[in-house]
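>>> Requesting a structural model of the entry that follows:
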Amino acid sequence: MSGTNGIKPVGYFDCPGGGQVVVSGSMAYIAHMAPPHGTTIVDVSDPRKPRKLAEITIPAGIHSHKVRAVDGVMLVNREPLHGKTPGPDARTGLGIYDVSDPAKPREITVWACGGVHRFTFDGRYAYLSPVIDGYRGNIVMILDLKDPSRPQEVGRWWMPGQWIAGGETPTWKGTDHRCHHPMRLGNRLYTSYWHGGFVILDIEDTGKPRFVSGLDWSPPFPWPTHTTLPVPFPLMGRRVLLVADEDVARLGPASSSFLWIVDITDETKPTPFASFQVEGIDGSPIPDYTGCHQPVEQVRGTEIPVAWFAHGLRIVDIKNPHTPREVASFMPPVPEGADRVCSNDVFVDDRALIYLIDRKRGLHILERG
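Here you go, the predicted structure:
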């Protein structure tokens, strides 16, 4: 069932399922879930009538579901699809494009590695999660893109146990502990580490990221840590981190994942003190891709839009962080060819328009009612 609560639909763009959507100026950049669809560039100057300008395709066996665009430079990830072996023409790593003319994206280069999952980009530095020879699972890396044609590694960090070429021995199974998503605020990187929880890294010296603290609640909680989002202003005098567990790859049968609120006023002792879950969850085991996935990454106020997989868009007010509450929601219609909604990512542009991408199909453009 679709429906709105405090949200007004503005426009819709029909496209293959997406992993991420970001907006720069009047351009939306959609990173898709599966080949041959890589990245679509859409003119949203009139959000009621979004217009496709260009699409970058990718070869079979490649996953290119994340994108960033700043000042005419676009970055996209390229990693092997799960369970697939990329062909000889499938370059993995970080794709770098000139999008100064959005209708004619031009590849500048591909920074090569075993694959990149999530990343952030501030226009100069990329903070990413590459797969590097000699390490088990993705690590943390900082790349300097002052010259986009020649990316330069600045620094790297890994969880002790990942550097198997250096003689380290993991204490976990496979790649359960791996970098998922580094997010910068000031001189800190707040980094989700999948079933390794999250870590806070000091990057005052970007060449030597330094461990400050970490917290891992998986187990006993069964979900992997997906996003660690620092709130850039105090709440009731406290510094707060929003942590989203992703409703996939569970350690066992479970109910759906949710959003944590963590006090990092003393960043050496991160302390969970509240959480938010949608109504109607009774604790019964449910299918993957039902619960929490991804909060908006640009925090501009206390109302936080969250892509909540099978529950669509949820806007959570954290003004009182002890009692987060839902203040609006949007449940999209089930996409054609799917059996339920799978809202994967959300972005808010400078006009306060909300962009909600479905993992299976379609981009909804919304505004607060």
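>>> got the contact list for stretch 253-266?
Identification of contacts with stretch 253-266 by Cβ atoms under 8 Å, 6 or more residues apart in numbering yields 200, 215, 222-223, 230, 238-247, 270-278, 281-286, 290-292, 295, 306, 309, 316, 318, 321, 324. (C-beta placed from N, C-alpha, C; glycine too.)
>>> Please indicate which of the residues you listed are buried?
Neighbour-count burial (16 or more other Cβ atoms under 10 Å) applied to the contacts of stretch 253-266 gives 200, 215, 222-223, 230, 238-247, 270, 274, 276-278, 286, 290-292, 295, 306, 309, 316, 318, 321, 324.
>>> What is the least confident helix or strand in this structure?
strand 3-5 (a mean of 77; mean pLDDT, DSSP states H and E).
>>> Partner strands of the helix or strand just after it and their direction?
Using DSSP states H and E, the helix or strand that directly follows strand 3-5 along the chain is strand 7-16. Applying DSSP bridges to the sheet, strand 7-16 is found paired with strand 361-368 (antiparallel).
>>> Distance from the partner strand to the middle of the chain?
How far strand 361-368 lies from its chain's middle: 18 Å, per Cα atoms, centre = their mean, to the nearest Å.
>>> Pretty sure Asp144 sits against Tyr127.
No: Asp144 is beyond contact range of Tyr127, at 11.1 Å (criterion: Cβ atoms under 8 Å).
>>> Mutual contacts of those two, please.
By Cβ under 8 Å, 6+ apart, no residue touches both Asp144 and Tyr127.
>>> Those two: who's more crowded?
Tyr127 (25 against 15; other Cβ atoms under 10 Å).
>>> Apart from its neighbours in sequence, what residue is nearest the more buried one?
Leaving aside its chain neighbours, Tyr127 sits nearest to Pro182 (4.1 Å; criterion: Cβ to Cβ, 6 or more residues apart in numbering).
>>> One more: Val70?
Gly123 (4.0 Å).
>>> what about the one you found, how many neighbours?
13.
>>> quick one, what contacts it?
So Gly123 contacts 70-71, 73 (Cβ under 8 Å, 6+ apart).
>>> I'd guessed the residue nearest to Tyr127 sits against Pro130; true?
No: Pro182 is beyond contact range of Pro130, at 10.7 Å (criterion: Cβ under 8 Å).
>>> ok, Phe347 - contacts?
Contacts of Phe347 (Cβ under 8 Å, 6+ apart): 21-23, 296-298, 354-355.
>>> change it to 6 Å
21-23, 355 (Cβ atoms under 6 Å, 6 or more residues apart in numbering).
>>> Which members of those define the maximum pairwise distance?
Greatest spatial distance in these: Val22 and Tyr355, 8.3 Å, computed using Cβ to Cβ.
>>> Which of those two has more residues huddled nearby?
Tyr355 (28 against 22).
>>> per-residue confidence averaged over the helix or strand where the more buried one lies?
Assigned by DSSP H and E, Tyr355 belongs to strand 354-358. Average pLDDT, strand 354-358: 98.
>>> neighbouring contacts of that strand?
In contact with strand 354-358 (Cβ under 6 Å, 6+ apart) are residues 18, 21, 305, 313, 335, 342-348, 363-366.
>>> and what of stretch 68-77?
Counting by Cβ under 6 Å, 6+ apart, 24, 29, 39, 64, 66-67, 94-97, 99-100, 116, 121, 123, 148 sit against stretch 68-77.
>>> on that earlier part again, sort out for me which of the contacts of Phe347 are in strands.
Among those, the residues falling in strands (DSSP state E) are 21-23, 355.
>>> Any stretches of the stretch 101-250 of the chain with poor pLDDT?
Counting by pLDDT under 70, the stretch 101-250 of the chain shows no low-confidence range.
>>> Give me the phi and psi for Ala165.
Main-chain dihedrals, Ala165, degrees, to the nearest 10: phi -70, psi -20.
>>> secondary structure element for the spatially closest residue to Asn187 that is not a sequence neighbour?
Once flanking residues are discounted, Asn187 sits nearest to Glu204: 4.4 Å by Cβ to Cβ, 6+ apart. Under DSSP H and E, no helix or strand contains Glu204.
>>> how far away is Glu204 from Gly61?
40 Å (Cβ to Cβ, to the nearest Å).
>>> okay, the ones in strands among the contacts of Phe347 in a markdown table with distance to Val44 next?
Output for the ones in strands among the contacts of Phe347, formatted as a markdown table (distance: Cβ to Cβ, whole Å):
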| residue | distance to Val44 |
| --- | --- |
| Val21 | 10 |
| Val22 | 11 |
| Val23 | 7 |
| Tyr355 | 8 |
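>>> what's the closest of those to Ala328?
Taking the ones in strands among the contacts of Phe347 together and measuring to Ala328 by Cβ to Cβ, the closest member is Tyr355, at 15.3 Å.
>>> rewinding a little: ok, so of the contacts of Phe347, who is nearest Tyr193?
Nearest member of the contacts of Phe347 to Tyr193, counting by Cβ to Cβ, is Val22, at 23.2 Å.
>>> Touching, that closest one and Ala28? I think so.
No: the pair Val22 / Ala28 is not scored as a contact, 7.4 Å apart, by Cβ atoms under 6 Å.
>>> CA-only coordinates of stretch 259-272 in PDB, if you can.
These are the backbone C-alpha positions of stretch 259-272, laid out as PDB (Å, rounded to 0.1, in the frame of the first residue of the first chain):
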ATOM      1  CA  LEU A 259      18.400   3.500  13.900                       C
ATOM      2  CA  TRP A 260      20.700   4.000  16.900                       C
ATOM      3  CA  ILE A 261      21.500   7.300  18.700                       C
ATOM      4  CA  VAL A 262      25.000   7.400  20.200                       C
ATOM      5  CA  ASP A 263      26.500  10.000  22.600                       C
ATOM      6  CA  ILE A 264      30.000  10.900  21.500                       C
ATOM      7  CA  THR A 265      30.500  13.900  23.800                       C
ATOM      8  CA  ASP A 266      33.400  11.900  25.100                       C
ATOM      9  CA  GLU A 267      34.400  10.400  21.800                       C
ATOM     10  CA  THR A 268      36.700   7.900  23.600                       C
ATOM     11  CA  LYS A 269      33.600   6.300  25.100                       C
ATOM     12  CA  PRO A 270      30.700   6.200  22.500                       C
ATOM     13  CA  THR A 271      27.500   5.400  24.400                       C
ATOM     14  CA  PRO A 272      24.200   4.300  22.800                       C
END
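>>> Please consider this matter closed, and thank you.
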